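Q: Fold the stuff below for me.
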Amino acid sequence: MSQPIWPGQTGPLNTPQKRFTPTSGKARGRAQNIMFIFLRGVAACNVLALVAVCGFLLYHGLPALSWEFISQSPRSMMTEGGILPCIIGTAILSLGALLLAFPLGVASAVYLHEYAKRNAFARYVRLGVNNLAGVPSVVFGLFGLSFFVTFCGLGVSILSGVLTLAVLTLPVIIGTAEEALRNVPDTYREASLALGATKSQTISRVVLPCALPGMLTGAILGVARAAGETAAIMFTAAVFYTPKTPDSIFSSVMALPYHMYVLATAGTEIEKTRPLQYGTGLVLLLLVLGMNLVAILLRDHLQRKR
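A: Alright, predicted model coming up:
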């Protein structure tokens, strides 16, 4: 005779239940330890690769560093002298692109997350932003050459390079800024609205200050990418050699990544310029790390202040 089944009961009362056993716990513990070891190994490989690259540049580029190398212009078919115009040009292009792209990227992220409705238009805009983030830089360089340099008549100049680099870094900034806005709790918005603030006041005085440290992460990535680009500035802003510092936004400039490319491929005495190539790469690495360090310190300061 079968046992009665009460309402809400799925089976007999004496149905055997699956119980936790020490053996199964040990198996899960071993699997977890194996996965942790694997993840630590992957992280160690990434760190070792970074250390190897930095060590290689330090070993080959440190002998080339001197005050003359930092403070003078190249001369004698770029086999002597320094890279001062390249440093100035790289700083102008990367910081100019950041100053232009960061406000536009933040404004676009605010519209997409705070104002745009969840419709097909917003989905298509996000799809386009994500696709643009993966486009090769040479495509942006050709776009800048055809549109800013030729169609707009700006020529090979700082302005053309800054606009091209701003377009290049804009998808990264939009993506990180929208993610930072998404991480702000909705209770902050609800509390601000409940106190009588308008939506624009809530966004400007509550949401944006909370999301700003996360947005600076996108700015860091944008600066790093803009400072290290070669193809984008090669078509729009950089020239083979100019000993003068730029005097207007319509002047052409030298840049560290393009200068390093020229030294390695287009010179007549490539072997003689080999130490200068490594020294230029080391200076570019230090410049990017310095700008990133300033942005990280500013982000941490804002986080502690909040």
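Q: If we ignore the residues flanking it in sequence, what's nearest the residue nearest the centre of the chain?
A: For the chain, residue 221 is the residue whose C-alpha lies nearest the centre (CA atoms, centre = their mean; 1.6 Å). With sequence-adjacent residues excluded and distances taken as CB to CB, 6 or more residues apart in numbering, residue 221 is closest to residue 172, at 5.2 Å. No exception for glycine: its C-beta is placed from N, CA and C like everyone else's.
Q: Is that neighbour in contact with residue 218, as I believe?
A: Yes: if you go by CB atoms under 8 Å, residue 172 and residue 218 touch, sitting 5.8 Å apart.
Q: so what's in contact with the two at the same time?
A: residue 105 (CB atoms under 8 Å, 6 or more residues apart in numbering).
Q: Could I get the full set of strands for this structure?
A: Taking DSSP state E, the strands of the chain run over residues 74-75, 80-81.
Q: which residues are in contact with the first one?
A: Strand 74-75 has contacts (CB under 8 Å, 6+ apart) with 80-83, 85, 241, 243, 259.
Q: burial of residue 192, as a residue count?
A: Residue 192 is flanked by 18 other residues according to other CB atoms under 10 Å.
Q: about what we covered before: residues touching the residue nearest to the centre of the chain, list them.
A: Residues near residue 221 by CB under 8 Å, 6+ apart: 169, 172-173, 176.
Q: circling back: ok, residue 172 and residue 218, which is more surrounded?
A: Neighbours per residue (other CB under 10 Å) separate residue 172 from residue 218, with residue 218 holding more: 26 against 23.
Q: Which residue comes closest to the more buried one once chain neighbours are left out?
A: Going by CB to CB, 6+ apart, residue 218 has residue 176 as its nearest residue, at 3.0 Å.
Q: Now do that neighbour against residue 98, distance only.
A: In this view, residue 176 and residue 98 are 13 Å apart by CB to CB, to the nearest Å.
Q: for residue 124, same thing?
A: 27 Å.
Q: Enumerate the positions of the lengthiest helix in the chain that are buried.
A: Looking across the chain with DSSP state H, the single longest helix is helix 22-61. Neighbour-count burial for helix 22-61 flags 57, 60-61 (criterion: 16 or more other CB atoms under 10 Å).
Q: Include distance to residue 250 and pLDDT when you put the residues you listed into a markdown table, please.
A: Listed next are the buried residues of helix 22-61 as a markdown table, based on distance: CB to CB, whole Å; pLDDT from 0 to 100:
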| residue | distance to residue 250 | pLDDT |
| --- | --- | --- |
| 57 | 34 | 86 |
| 60 | 37 | 86 |
| 61 | 33 | 85 |
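Q: Between these, which sits nearest residue 205?
A: Using CB to CB, residue 57 comes nearest to residue 205 of these, at 44.8 Å.
Q: wouldn't that closest one be in contact with residue 283 here?
A: No: Residue 57 lies out of contact with residue 283 (CB under 8 Å); the separation is 9.6 Å.
Q: hey, what's in contact with both of these two?
A: Joint contacts of residue 57 and residue 283 (CB under 8 Å, 6+ apart) do not exist.
Q: Alright, calling it a day.
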